[in-house]
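> just coords:
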């Protein structure tokens, strides 16, 4: 059974409170099985809940308040997208181009879902998104995603038509969502330029990006498009080598002075930003972000160590130890986690209590910047 984060449920609670009334959530809870009511006695946005619970909530939402009309689920999806873009500040989506979000849709999906896989295709003004291997087969849930994706695209332009052409709830092998989309602007409606006070939110989103390539693209978009540096180049050094390698470039040189910004972390050079300032360039924000860019790039460089098609687990652990300063015991735990062992089995093999393994896991997640065991494994094996 797969899981989704509770943020979807908190969006439902907010919708009912704002549009139906203060007692609406309690009314919905009364219609759910006793087990669900106990689980939902306190809803935590970052906690994980079984997909079946989400499905029953969504279906009850439509049945109780809208006589089973699934269009209500679509409107709930639109409401959820509005909250994610405003109250929860999805800074990476707001600081990067729409194409970046479409290209990395699985990263955003994996943040709140532990099953399912997306494939997207863009042809001129048409977008097709296919959802595979999701363990939910429910038309109401799919309508909610149709509304969510459609509303997200509207932040950047017009969506004349949208459709859910195939649905696994009706026997299809894959869910297919299609959109006609007219891109009108590269940043969302209502966008404001970032200031120093926004830096913690920006960093929280950058910290969760899945690999060095996507992190590099996001950094260039931030510096060029939103900190208003007309020309930017990013160079990155490989682990164990002093030589810098060109990574990405944005903008066009105007012939002005180029400032070289060294990216260093823990006394070692991890990269360099070459920037050409302009009249409106936000130098103060860049200076504050540079140490954090350095730390994030240093942590992400592990993902480029993919010369061999299948890296040996010992090589991976060795790199992780150097990259994040893991203790020998943390390396032992990581090695077994990457081999698919559960905590109970790890404790038995290492001759310790399961509680001790859980403590090591907490440290591993903290040091690697991941939130769940699945994300930790994915971090190391995603390029296998």
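All right, it came through fine. Since we're looking at a predicted model, the values are computed, not measured.
> surely residue 109 forms part of a helix?
Yes - the assignment for residue 109 (DSSP: H, G, I helix; E, B strand; the rest coil) places it in a helix.
> gap between it and residue 292?
Counting by Cβ to Cβ, to the nearest Å, the gap from residue 109 to residue 292 is 25 Å. All C-beta atoms are positioned from the backbone trio N, CA, C, and that covers glycine.
> over to residue 127?
Taken as Cβ to Cβ, the spacing of residue 127 relative to residue 292 amounts to 33 Å.
> compare these two (neighbour count), which wins?
A count of neighbours by other Cβ atoms under 10 Å puts residue 127 above the other of residue 127 and residue 292, at 20 against 17.
> what sits against that one?
Residue 127 makes contact with 102, 120-121, 153, 178-179, 181, according to Cβ atoms under 8 Å, 6 or more residues apart in numbering.
> average pLDDT for the helix or strand hosting residue 317, rounded please.
Element membership for residue 317 (DSSP states H and E) is helix 313-324. Per-residue confidence for helix 313-324 averages out to 78 on the pLDDT scale.
> ok, stretch 262-270 next?
Per-residue pLDDT over stretch 262-270 has a mean of 82.
> now swap in stretch 156-170 and tell me
When pLDDT is averaged along stretch 156-170, the result is 90.
> check stretch 173-188 too.
Per-region confidence: stretch 173-188 scores 80 on mean pLDDT.
> which SS state does the closest residue to residue 2 other than its chain neighbours fall under?
Nearest in space to residue 2, with sequence neighbours left out and distances taken as Cβ to Cβ, 6 or more residues apart in numbering, is residue 115 at 3.4 Å. Assigned with three-state DSSP, residue 115 falls in the coil class.
> residues near residue 115, how many?
The criterion is other Cβ under 10 Å. On that basis, residue 115 has 17 neighbouring residues.
> from residue 51, how far off is it?
The value you get for residue 115 to residue 51, if Cβ to Cβ is used, is 7 Å.
> mind listing the shared neighbours of those two?
Here residue 115 and residue 51 share the contacting residues 2-3, 135, scored by Cβ under 8 Å, 6+ apart.
> okay, who's weakest in those by pLDDT?
Across the shared contacts of residue 115 and residue 51, the bottom pLDDT score, 84, is held by residue 2.
> okay, now it: neighbour count?
The tally of other residues near residue 2 (other Cβ under 10 Å) stands at 16.
> which ones are touching it?
Residues touching residue 2, when contacts are defined by Cβ under 8 Å, 6+ apart, comprise 50-51, 113-116, 134-136.
> kindly report the same for residue 337.
Contacts for residue 337 were tallied using Cβ under 8 Å, 6+ apart; they are 346, 361, 364, 373, 376-377.
> quick check, residue 121 in a strand?
Yes - counting by three-state DSSP, residue 121 is located in a strand.
> need the pLDDT of it.
Per-residue pLDDT puts residue 121 at 90.
> count of neighbours near the nearest residue to it once chain neighbours are set aside?
Leaving aside its chain neighbours, residue 121 sits nearest to residue 128 (4.7 Å; criterion: Cβ to Cβ, 6+ apart). Around residue 128 sit 14 other residues, with neighbours defined as other Cβ under 10 Å.
> list the buried ones in the strand or helix carrying residue 128?
Secondary-structure assignment from DSSP H and E places residue 128 in strand 126-132. Going by neighbour count (16 or more other Cβ atoms under 10 Å), the buried part of strand 126-132 is 127, 129-131.
> mean confidence for it?
Strand 126-132 shows a mean pLDDT of 92 in the predicted model.
> who does it pair up with?
Neighbouring strands of strand 126-132 in its sheet, by DSSP bridges, are strand 117-123 (antiparallel), strand 175-183 (antiparallel).
> please state the offset of it from the chain centre?
Distance, stretch centre to chain centre, for strand 126-132: 18 Å (Cα atoms, centre = their mean, to the nearest Å).
> next SSE after it?
Going down the chain from strand 126-132, the next helix or strand is helix 139-154, by DSSP H and E.
> beyond that next one, next helix or strand please.
Heading C-terminal from helix 139-154, the first helix or strand you meet, by DSSP H and E, is strand 157-166.
> which strands or helices does that next one pack on?
helix 139-154, strand 175-183 (3 or more Cβ pairs under 8 Å, 6 or more residues apart in numbering; DSSP states H and E).
> next one: residue 117 from residue 2, what distance?
Applying Cβ to Cβ, the value for residue 117 to residue 2 is 12 Å.
> quickly list what's touching both of the two.
A shared contact of residue 117 and residue 2, defined by Cβ under 8 Å, 6+ apart, is any residue touching both; here these are residue 134.
> most centrally placed residue in this structure?
residue 108 (3.3 Å; Cα atoms, centre = their mean).
> can you tell me how far that residue is from residue 129?
12 Å.
> repeat that for residue 281.
For residue 281, the distance to residue 129 - Cβ to Cβ - is 36 Å.
> what does residue 37 give?
Look at residue 37 and residue 129: by Cβ to Cβ, they are 34 Å apart.
> for residue 322, same thing?
Separation of residue 322 from residue 129 (Cβ to Cβ): 39 Å.
> count of residues packed around residue 363?
As a measure of burial, residue 363 has 15 neighbours, counting by other Cβ under 10 Å.
> how about it: what's its closest non-neighbour residue?
Taking Cβ to Cβ, 6+ apart, and ignoring the residues beside it in sequence, residue 363 has residue 330 as its nearest neighbour in space, at 6.0 Å.
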